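J.: Model the structure of this input:
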Amino acid sequence: FGAEDVTAGTETELATAVLGGRGRVDLPLSLEASNYFGNVARRAAAGELPSSTLTDLERFLDSNPGGAWENSWVRFDRWRLSPLAESVLRSDLRGSSGQWRSDTGRFLFEEAGEEKVRVPVSYLLKLSLAAAVEGAPKPLQQAARRIMPSFLSDNTSPETTSFHVITPSSGSTTGEALAKEGARRYLLTQLLVEFANRRFGLLESGQRVVVYQSPLAAPRQRWLNRCLSDAFYREQFLSPCLSGWKDGEGKRDYMELCHQVLSRSQLQLLAKLREAGLVPNDLVVLPSPSNVSLANNGVHITLGSRRLQELREAPGSGFGANEEKGLADLVVKIAEHYLPLLVGTFSGAPYRLGFEDFHPERALGFLPHELDFTHLRMIWRRWRVKARNRLFGKSVTPFGPAFLDRGLGRFFGLKGDLVPDFRLIDYPVALLSTEKSPALDGNRGNGDRLKKDLGELGVFDSRMSLYLPLRWRELESHGYVGLEGRTHSLFPDLLGDAAAAADLQRWLISFALRRVAAGVGHDHIPDFPWVESERRQILFATALGVPTFYVRQDSPNRILQGLVTATDGVRRSSRYPGYLRVPTSKYLEALAMDLRHRDPALSELHPPHLLETLEQRVRCPRESASGRLATEICEELGARDPLKVDAATFNEGAETYYRGTLRRRHLDQGFEAALEAVSRAALPREAQERLEVVRKELRSGGVTPANLRLGIHIVLEAEEAERRRSLPR
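T.: Residues are numbered from 1 along each chain as shown. Purely as a prediction, here's the structure:
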């Protein structure tokens, strides 16, 4: 994973909204016209359903002062498609089998005698790219065709992947090269959205699409999720997988499976919380039957190694599938101890919970499936102490009815809490192994065995991919050897923060490999579920901002024991005999010191300022990514402290900030990266000048379709030049 060896790429999950009136945008129109809405209205009128079921839905449709409908689809006249875009649409609706998809009627329909197209924003980007290169020179059309598969969709939102495999060039780090490619890709996405708004008549029809980065499901989507059945929620929001898959309908079915399983798994949490003693009186707030966590968005950074791949492919090398698996699991286990350094420092997902939200079945997300009961109880107690929910000096939790809890919270000044990275709590990051089936013991097939066990427990499904915060990419299944980091949420700075996160991830992987070379083996980190939970609790404690965690004095995890020994401020716990009380921030400082001093030769191969920046952000949380995001959200709300703003206002303000101020900042950074690439590609000077014109017009809101099309062409040319530069020589 050195500079001459590493390859890299990213997956970026994006948020979308369609701005417009209730009678113009697809989501409210689809809801009102649905059989579901009609059935709810009839049953409510007959007294078979509570009237609140209907009034909540009507309130969602009526009260939208911002006019933003998150994750709505779009609809427009089919005649607006260019010939190439029409060809792309027909090809995708037929799929690899050549047969029309069975759900084609969802995307093509007639209204008032006019043929209409109805698609999610993720697919709109691909149609926009096809329309933008209509009539362009053949090399440009080929470049567009080549990157079309990179415009995919996550379960709900658009997702883009790197347009080419990234290798660092002289004078830049892996992270810098990765960040610049991501910024250019973000710029192209924005140009395609603005082109689609105009080319397909969306603005004329009262629909304006915006695409931006937001790490959490929008507050209004959470509200709507509580109003709908799980099946109808899936129909409205899950991706139909029109592009990027050999079997789009099969992939769509997989997306539905994921949502069904996570929704069911959410209900299973109640039993685990009861067994852990966190709901002793059997009083709980029942979760929605539909889960919204799949609307969370992050960035996955994947780093590959040419040398490991060559070794793995070489006959007789002694590094076959079994050896790769043994190394992979050990590297992941070692690196997991250091992953808390990536949480909140270079990316974040700040989220406010009010007093009324502090029910364990709501606040703890998927943690009951990820932690041993002992660590779950410890984290819950420390979080309650940290939160500003104290009455007469004692920590209190809500009683049940939301209206009562909100009133009590306001009357007694119970503020709740601000969580630095709630995405890592609200989504299953790493399901806990079972006693019989450890996930990382180095034996092939261990993941399948664990999925089978978890499926029998009603927690998971064996057809799904196993969730891990750092996931090895095996040669047999992916065609390369590397690791995918999945703990990155939202980067406030697309260039600086993203580059630092990627460089730090590369450092952690290299460091873990060198620990293996120095003699660390699987016996140093035993594969018991509670040992797994013991090391992962630190990741979640950091995400929650919990100030301390607890480690057994006689823990058999020798890596963790060594790190705790090097941590300042550790003392024996008076509350938990046999445990050590470890300050979270001091532990993070010890991790950084270990990276710096344990292997000085490795330190010299990485950016010298990286650890200094990291240590400064650990010591001063306001300078961290999460701290900066929270501060800027408060500035837009006219507040100085997130806890001085009620939870709903802060979270709605966060979504508005991501959709506005942060989107514009990221757009500017995309232009910076693109202009640099244009200069490096030796394109005519006129190309830079034209791109600057597009930049100014976008800022003023007066950009023309012709200039947008030209801007798309320039970015495509620069990206094609970057791809050629990255090819192996």
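
J.: mind listing what Arg220 touches?
T.: Counting by Cβ atoms under 8 Å, 6 or more residues apart in numbering, Arg220 makes contact with Phe60, Asn64, Ala68, Glu70. For every residue, glycine as well, the C-beta is placed using N, CA and C.

J.: For the third one, which residues count as its bridge partners?
T.: When you say that, I think you mean Ala68. Ala68 has the following beta-bridge partners by DSSP bridges: Leu19.

J.: Quick check: it vs Arg724, distance?
T.: Ala68 is 40 Å from Arg724, where distance means Cβ to Cβ, to the nearest Å.

J.: And these two? Which one has more around it.
T.: Taking neighbours as other Cβ atoms under 10 Å, Ala68 and Arg724 compare with Ala68 leading, 20 against 10.

J.: Correct me if wrong: the more buried one contacts Gly21.
T.: No - judged on Cβ atoms under 8 Å, Ala68 makes no contact with Gly21 at a distance of 11.4 Å.

J.: follow-up on the earlier one: most neighbours, which of the contacts of Arg220?
T.: Most surrounded of these: other Cβ under 10 Å gives Glu70, at 24 neighbours.

J.: out of the contacts of Arg220, which are inside helices?
T.: Phe60 (DSSP state H).

J.: how far out from the middle of the chain is stretch 479-488?
T.: On the basis of Cα atoms, centre = their mean, to the nearest Å, stretch 479-488 is displaced by 14 Å from the centre of the chain it belongs to.

J.: in whichever strand or helix holds Met255, what counts as buried?
T.: Following DSSP states H and E, one finds Met255 within helix 248-275. Residues of helix 248-275 classed as buried: 248-249, 251-252, 254-256, 258-266, 269-270, 272-273 (neighbour count, 16 or more other Cβ atoms under 10 Å).

J.: distance between it and the chain's centre?
T.: On the basis of Cα atoms, centre = their mean, helix 248-275 is displaced by 18 Å from the centre of the chain it belongs to.

J.: Show me what it is packed against.
T.: helix 230-237, helix 360-363 (3 or more Cβ pairs under 8 Å, 6 or more residues apart in numbering; DSSP states H and E).

J.: closest to Ala681 out of those?
T.: helix 230-237 (39.3 Å; Cβ to Cβ).

J.: ok, back up a step: so which two of the contacts of Arg220 are the farthest from each other?
T.: Phe60 and Ala68 (12.5 Å).

J.: Quick one: end-to-end distance for stretch 411-423.
T.: End-to-end span of stretch 411-423 (Cα to Cα, to the nearest Å): 30 Å.

J.: To clarify, my last question referred to stretch 113-133.
T.: For stretch 113-133, the end-to-end distance is 30 Å (Cα to Cα).

J.: in terms of contact, does Ser166 touch Ser726 like I think?
T.: For the record, residue 166 is Ile, not Ser. Yes - between Ile166 and Ser726 there is a contact at 6.1 Å, judged by Cβ under 8 Å.

J.: quick one, which of these two is more surrounded?
T.: Ile166 (26 against 19).

J.: Tell me how far that one lies from Gly175.
T.: Ile166 sits 10 Å away from Gly175, going by Cβ to Cβ.

J.: So for this structure, the centremost residue is which one?
T.: Gly298 (2.0 Å; Cα atoms, centre = their mean).

J.: hang on, the earlier thing: mind putting the helices and strands packed on helix 248-275 into a markdown table with distance to Glu655?
T.: Shown next, in a markdown table, are the helices and strands packed on helix 248-275 (distance: least, Cβ to Cβ, whole Å):
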| stretch | distance to Glu655 |
| --- | --- |
| helix 230-237 | 16 |
| helix 360-363 | 19 |
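
J.: Make TSV out of the ones you listed and add mean pLDDT and mean neighbour count.
T.: Output for the helices and strands packed on helix 248-275, formatted as TSV (pLDDT from 0 to 100; neighbours: other Cβ atoms under 10 Å):
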stretch	mean pLDDT	mean neighbour count
helix 230-237	92	20
helix 360-363	91	20
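
J.: Buried residues in stretch 106-118, which are they?
T.: Of the residues in stretch 106-118, those buried (16+ other Cβ under 10 Å) are Phe107, Leu108, Val117, Arg118.

J.: will you turn these into JSON lines that also has pLDDT?
T.: JSON lines is the format used below for these (pLDDT from 0 to 100):
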{"residue": "Phe107", "pLDDT": "96"}
{"residue": "Leu108", "pLDDT": "96"}
{"residue": "Val117", "pLDDT": "98"}
{"residue": "Arg118", "pLDDT": "98"}
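
J.: can you give me the strands for the stretch 551-700 of the chain?
T.: 571-572, 579-583 (DSSP state E, counting those that start in this stretch).

J.: Could you measure from the closest residue in space to Ser585 that isn't next to it in sequence over to Arg581?
T.: For Ser585, ignoring the flanking residues on the chain, the nearest one in space by Cβ to Cβ, 6 or more residues apart in numbering is Val618 at 6.0 Å. As judged by Cβ to Cβ, Val618 and Arg581 stand 19 Å apart.

J.: When the two are compared, which one has more neighbours?
T.: Taking neighbours as other Cβ under 10 Å, Val618 and Arg581 compare with Val618 leading, 23 against 18.

J.: correct me, but the more buried one touches Ala592?
T.: Yes - contact criterion Cβ under 8 Å: Val618 and Ala592 qualify, at 6.8 Å.
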